[in-house]
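K.L.:
please work out how this folds:
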Amino acid sequence: MTTQEFNSIAGLVIGDTVPGARASGAYSAASQAERGEITNPDWGHWQPDTLFDETNMTDGTYDIYVNMDTFRRLFLQAIIDGGSGSVTIKIYASAQFTDGDPSLLDYDDVTNDWFGTATITASDLLGDHLGLSSGCTWVHVEIVAATGGANDADCRVDSYRLF
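P.N.:
Presented below is the predicted three-dimensional model:
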């Protein structure tokens, strides 16, 4: 079997272009083995981001909008210290498109659907294991700090989006 035949069987053709990928094929005379592979295609990459990181938060609502265009899955990690009060997080999603302000879109509460809880009130790793975020264009993360004026709450939200 030639390298070209092996790569064709494996679904790989040397010289094919997959965005962000490097295809290679090799033949080893010592082991008479042939191998083809794709390394680091775009559709297998994770994009990490810190969405929010505040200490001594002033009481109020903080809104973060996450663009899900080209992404298939969203994972969040919330690190919460409510101080003398509380910090709550809710997740909303939209399938609408915009070239402008994402805050003007219509969003639906998906916190329970995606993460199995009505609100997030403690540090947690939140995985969209069902892949429901793949159908959304924007995700709205709403953070509410309520410390009774002490302004001593801390919150950090990191995201990991899969291409």
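K.L.:
how does this structure divide into domains?
P.N.:
Listed by automatic domain parsing, the domain ranges of the chain are 3-43, 46-162.
K.L.:
for the longest strand anywhere in the chain, packing partners?
P.N.:
In the chain, assigned by DSSP state E, the strand with the most residues is strand 46-57. Packing contacts for strand 46-57, counted by 3 or more C-beta pairs under 8 Å, 6 or more residues apart in numbering; DSSP states H and E, involve strand 60-67, strand 138-146, strand 153-162. Using the backbone N, CA and C atoms, a C-beta is placed for each residue, glycine as well.
K.L.:
tell me which of those strands sits most buried.
P.N.:
Between the helices and strands packed on strand 46-57, strand 138-146 has the highest mean count of neighbours, a mean of 21, where neighbours are mean count of other C-beta atoms under 10 Å.
K.L.:
ok, that strand: who's next to it in the sheet?
P.N.:
On the basis of DSSP bridges, the sheet neighbours of strand 138-146 come out as strand 60-67 (antiparallel), strand 86-94 (antiparallel).
K.L.:
tell me which of the ones you listed lies nearest to W114.
P.N.:
Distances from W114 to each of those were compared by C-beta to C-beta, and the smallest falls on strand 86-94, at 6.4 Å.
K.L.:
quick check: what element follows that closest one along the chain?
P.N.:
Once strand 86-94 ends, the next helix or strand along the chain (criterion: DSSP states H and E) is strand 108-109.
K.L.:
nothing else from me, thank you.
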